[in-house]
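# Just a sequence and a predicted model for now, questions to come.
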Amino acid sequence: MNNFTSVFEELSKLYEEEVREEVVAEEKVKEACTEELTEAADDEIPVDEDPADEVPAEEPAAEDEPRQVICECDKCGALVIKAEADIVVDEESDLVNVEDACQYCEETAGYKIIGVVAPFEEVAEVAEEAPEEAPEAEQEVENIEDFEIVED
């Protein structure tokens, strides 16, 4: 039984040494990271006085950008967006791109133009108006003598 006890004591000592070595290694890594962070904090970081000046203003869409047209398949009703330069009007049917096959139904029935893609414009919020008061069911009668009494 002494042999087992001594073996377990040795294993326990080895385990404790291994754990101590891991703790020491972790502490060294922490120290190195802390040193790097303090060195980085010591470096001077240039601060802009007014960072809002550097933000570029939104540029309006260039006039030379191609407009996009929203088309609806005459056969299945699928919506597709095509460049305005790619639109070919068929004089007989008043449809466009009749030779192009629809990517959904694969028919060459042509497309109807239903709109144009426009840039987004923010709209100011409109204050809601108070709803008009509904007429009261029972109105007060100012002078009852003005009404004629009808008996059934």
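Perfect, I can see it now. Residues are numbered from 1 along each chain as shown.
# how about the helices of the protein, start to end?
2-42 (DSSP state H).
# Using the record's domain definitions, break it down for me.
1-40, 68-116 (automatic domain parsing).
# okay if I get these as CSV plus distance to Val150, mean neighbour count and mean pLDDT?
C-beta: built from backbone N, CA, C; applies to glycine. Below are those laid out as CSV (distance: least, CB to CB, whole Å; neighbours: other CB atoms under 10 Å; pLDDT from 0 to 100):
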stretch, distance to Val150, mean neighbour count, mean pLDDT
domain 1-40, 96, 10, 84
domain 68-116, 61, 14, 90
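# To Val123, which of those lies closest?
domain 68-116 (18.0 Å; CB to CB).
# Figure out the length between the terminal residues of that closest one.
6 Å (CA to CA, to the nearest Å).
# what does stretch 83-99 give?
One end of stretch 83-99 sits 16 Å from the other (CA to CA).
# Contacts for it next, please.
Contact with stretch 83-99 is made by 66-69, 71, 74, 82, 108-113, 116, as judged by CB atoms under 8 Å, 6 or more residues apart in numbering.
# what do you get if the cut-off is 10 Å, keeping everything else the same?
66-69, 71, 73-74, 80, 82, 100, 108-113, 116-117 (CB atoms under 10 Å, 6 or more residues apart in numbering).
# Filter the residues you listed down to the ones in strands?
Using DSSP state E, the subset of the contacts of stretch 83-99 located in strands is 68-69, 71, 73, 80, 82, 111-113, 116.
# Many thanks, I have nothing further to ask.
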